[in-house]
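Participant: The sequence and its predicted three-dimensional model are supplied below.
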Amino acid sequence: MINNSKDQLKRWEEYFHETFNVNIVVNPSLLQQVAAMRIDQQQQNRHDKVPPIKEVITVIDQMKNGKASGIDDVPAELLKAGGLPLALGVSAFRF
């Protein structure tokens, strides 16, 4: 049993080193066998279009309060409070 904080930290360091410092060998020929994902021109054109502002507002309004829908952890309430100016800004984003 570890009793002092210095030994606890040392044990955590060992644990994470053992868990995450793993040597991985990737066979390049396997990578070449993986098909590249491609989209046709019609799909590309659809993705390039800016969504209508009405659609952006509808999506924001339909978000559930108390949730953050993306990896940025921006809560729905914040997006809703931004109103039209925020919706206009979001609709101009290019992903």
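Facilitator: Here it is on my side, so go on.
Participant: who touches Lys49 in this structure?
Facilitator: Residues counted as contacts of Lys49 (C-beta atoms under 8 Å, 6 or more residues apart in numbering): none. C-betas here are computed from N, CA, C, even on glycine.
Participant: Use 42 as the first number for this chain going forward.
Facilitator: That works, and once the first residue is 42, the last one we named lands at Lys90.
Participant: Point to the residue nearest the middle of this structure.
Facilitator: The chain has Ile112 as the residue nearest its centroid, 4.1 Å off, counting by C-alpha atoms, centre = their mean.
Participant: Where does that residue sit: helix, strand or coil?
Facilitator: Three-state call for Ile112 (DSSP: H, G, I helix; E, B strand; the rest coil): coil.
Participant: what's the answer for Val100, then?
Facilitator: Classification of Val100 by three-state DSSP places it in helix.
Participant: Ranking helices and strands of this structure by mean pLDDT, which lands last?
Facilitator: None of the helices or strands of the chain scores lower by mean pLDDT, DSSP states H and E than helix 69-74, at a mean of 80.
Participant: What helices and strands are in contact with it?
Facilitator: Applying 3 or more C-beta pairs under 8 Å, 6 or more residues apart in numbering; DSSP states H and E, one finds that helix 69-74 contacts no other helix or strand.
Participant: quick one: contacts of that helix?
Facilitator: Helix 69-74 has contacts (C-beta under 8 Å, 6+ apart) with no other residue.
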